[in-house]
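Novice: My questions concern the predicted model and sequence given below.
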Amino acid sequence: MTAGQPALFVPHGAPTFALRPGAAGAALVAAARTLARPCAIVIVSPHWDTATPTVGFADRPETLYDFWGFPPELYALRYPATGCREAAQEIVAVLESAGLSVQRDERRGLDHGAWIPLRLMFPDADVPVIPLSLQSGAGPEGAWRLGQALAPLAARGFLVIGSGNITHNLHDFQAAWRNGGQTPAYVREFTDWMANRLAARDLPALLDYRRQAPGAVQAHPTDEHLLPLYVALGAGGKPARIERFHAGIDDYVLAMDAYAFLPNEGG
């Protein structure tokens, strides 16, 4: 059975998450085991950011090492994903039917925001993967509408995954990486606010998070790492329930919360 896939928001953390997946990695592995086998995966990462939604059509999307200064063993990892042109064309079709302009990229590989969680969740690389770009300039509402356009794919067996982090302050991460330290108060305050607003399905507040959430600008000096959450929220349609299937903090400042947006089986 492939119908009724959820949409997921998963953390990708720092690139070293691939080497030390810890509790968050275990949660992703466990969540993947509960899923019906998808016919294809659509993954949206903040590390592919374009002005226009762009769908990857590569037959064998390359593993991209879009980071530097990390342990050498990280650059030896590979995720041998395959694409699927027919599935990619279905994605183009649903986006265009929602009134969006769409571009195609014949060569785009998988950046670390895509391959790191996929390598944990689907280690055999036996499900086709189609990357879809993010439009950070469109903000939360644009990301949510992109997800809404993808929502019909769930009934066809597509698994939509948004990959990012609930908090992502690169300056604070780099300081913690060098010096250690303690988790700043804003990390938990912002994470709790997001969890509460999601549980309440308070879409207006969520879309206005930069003004309403405590510590929003510290949690996200720029908001591209949070926007995949809105893609997953939109792709889940009107969910029967929202499940936070992991909560935790890595590297002092990266909230690693993961969410499933489950389909409304009542229609």
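Specialist: Sure thing, it's come through. Residues are numbered from 1 along each chain as shown.

Novice: Provide the secondary structure category for residue 35.
Specialist: Per DSSP: H, G, I helix; E, B strand; the rest coil, the secondary structure class of residue 35 is coil.

Novice: Was I right to think it contacts residue 5?
Specialist: Yes. Contact status for residue 35 versus residue 5: in contact at 7.1 Å, counting by C-beta atoms under 8 Å. (Each C-beta comes from the backbone N, C-alpha and C, glycine too.)

Novice: any common contacting residues for these two?
Specialist: Taking C-beta atoms under 8 Å, 6 or more residues apart in numbering as the contact criterion, the common neighbours of residue 35 and residue 5 are residue 159.

Novice: higher neighbour count, the two?
Specialist: When residue 35 and residue 5 are compared on other C-beta atoms under 10 Å, the one with more neighbours turns out to be residue 5, at 25 against 16.

Novice: And the more buried one, how far from residue 234?
Specialist: Applying C-beta to C-beta, to the nearest Å, one obtains 14 Å for the distance of residue 5 from residue 234.

Novice: Only the buried residues of stretch 148-164, if you could.
Specialist: Taking 16 or more other C-beta atoms under 10 Å as the neighbour-count basis, stretch 148-164 is seen to contain the buried residues 148-154, 157-164.

Novice: Now for this protein, the helix or strand with the poorest mean pLDDT.
Specialist: Taking mean pLDDT, DSSP states H and E as the measure, the chain has helix 170-179 as its least confident helix or strand, at a mean of 81.

Novice: Could you check the angle whichever helix or strand comes after it makes with helix 170-179?
Specialist: The element immediately downstream of helix 170-179 (helix or strand, assigned by DSSP states H and E) is helix 185-199. Using axes from the mean of the first three to the mean of the last three C-alpha atoms, to 10 degrees, one finds that helix 185-199 and helix 170-179 are set 130 degrees apart in direction.

Novice: Touching the helix or strand following helix 185-199 from outside, list them.
Specialist: In the C-terminal direction, the helix or strand that comes right after helix 185-199 (DSSP H and E) is helix 203-207. When contacts are taken as C-beta under 8 Å, 6+ apart, the neighbours of helix 203-207 outside the stretch itself are 140-141, 144, 194, 197-198, 212-213, 230, 233.

Novice: From the chain's centroid, how far away is helix 203-207?
Specialist: Averaged C-alpha coordinates place helix 203-207 at 18 Å from its chain's average position (C-alpha atoms, centre = their mean, to the nearest Å).

Novice: Also stretch 44-61?
Specialist: Using C-alpha atoms, centre = their mean, the offset of stretch 44-61 from its chain centre is 13 Å.

Novice: in that stretch, what counts as buried?
Specialist: Buried residues in stretch 44-61, defined by neighbour count with 16+ other C-beta under 10 Å: 44-48, 53-58, 61.

Novice: How about stretch 256-264?
Specialist: Of the residues in stretch 256-264, those scored as buried under the neighbour-count criterion (16+ other C-beta under 10 Å) are 256-263.

Novice: Among those, which one lies nearest to residue 186?
Specialist: For these, the closest approach to residue 186 (C-beta to C-beta) belongs to residue 257, at 14.6 Å.

Novice: mind listing the strands in the chain by residue range?
Specialist: 7-11, 40-49, 54-56, 103-105, 129-134, 158-164, 242-246, 249-250, 254-255, 258-261 (DSSP state E).

Novice: Of the contacts of helix 203-207, grab the buried ones for PyMOL.
Specialist: Only the buried entries of the contacts of helix 203-207 go into this PyMOL selection, using 16+ other C-beta under 10 Å:
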select buried, resi 140+144+194+197+198+213+230+233
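
Novice: ok, so of the contacts of helix 203-207, who is nearest residue 19?
Specialist: Comparing the contacts of helix 203-207 against residue 19 with C-beta to C-beta places residue 194 closest, at 27.2 Å.
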